[in-house]
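>>> after the sequence you'll find the predicted model.
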Amino acid sequence: MELSRVSLVVVAVVALIFATFMSACRAQSLAPAPSPTSDGTAIDQGIAYVLMLAALVLTYLIHPLDASSSFIFF
């Protein structure tokens, strides 16, 4: 009885070690992460275009007020 219990523990430990090393041997590296669809450059460029358009509109709205005092805005 004692021999079968010891042999069962030994077999269980050997099986556990064998399973651990076999799964480590079959391990595969993870796939690389997909590249980002937007790296922030496009967002920055869009914000820059909006700000430049706002500056252009403000320039054309304010410039006639400086050029002549007889300009009627609305």
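That came through, no problem. Remember, predicted model here, so these are calculated numbers, not experimental data.

>>> the bottom helix or strand of the protein by mean pLDDT?
Within the chain, no helix or strand scores below helix 2-25, which has a mean of 76 by mean pLDDT, DSSP states H and E.

>>> pLDDT on the helix or strand that contains Leu56, on average?
Element membership of Leu56 [criterion: DSSP states H and E] is helix 41-67. The pLDDT scores in helix 41-67 average 86.

>>> what's around Ser35, how many residues?
By other C-beta atoms under 10 Å, the residues close to Ser35 number 6. (Each C-beta comes from the backbone N, C-alpha and C, glycine too.)

>>> any chance of the backbone angles for it?
When read as degrees, to the nearest 10, the backbone of Ser35 gives phi -70, psi 150.

>>> now the helix holding Leu56: how far from the chain's centre is it?
Distance, stretch centre to chain centre, for helix 41-67: 31 Å (C-alpha atoms, centre = their mean, to the nearest Å).

>>> now do stretch 16-25
For stretch 16-25, the distance to the chain centre is 34 Å (C-alpha atoms, centre = their mean).

>>> try stretch 37-57
21 Å.
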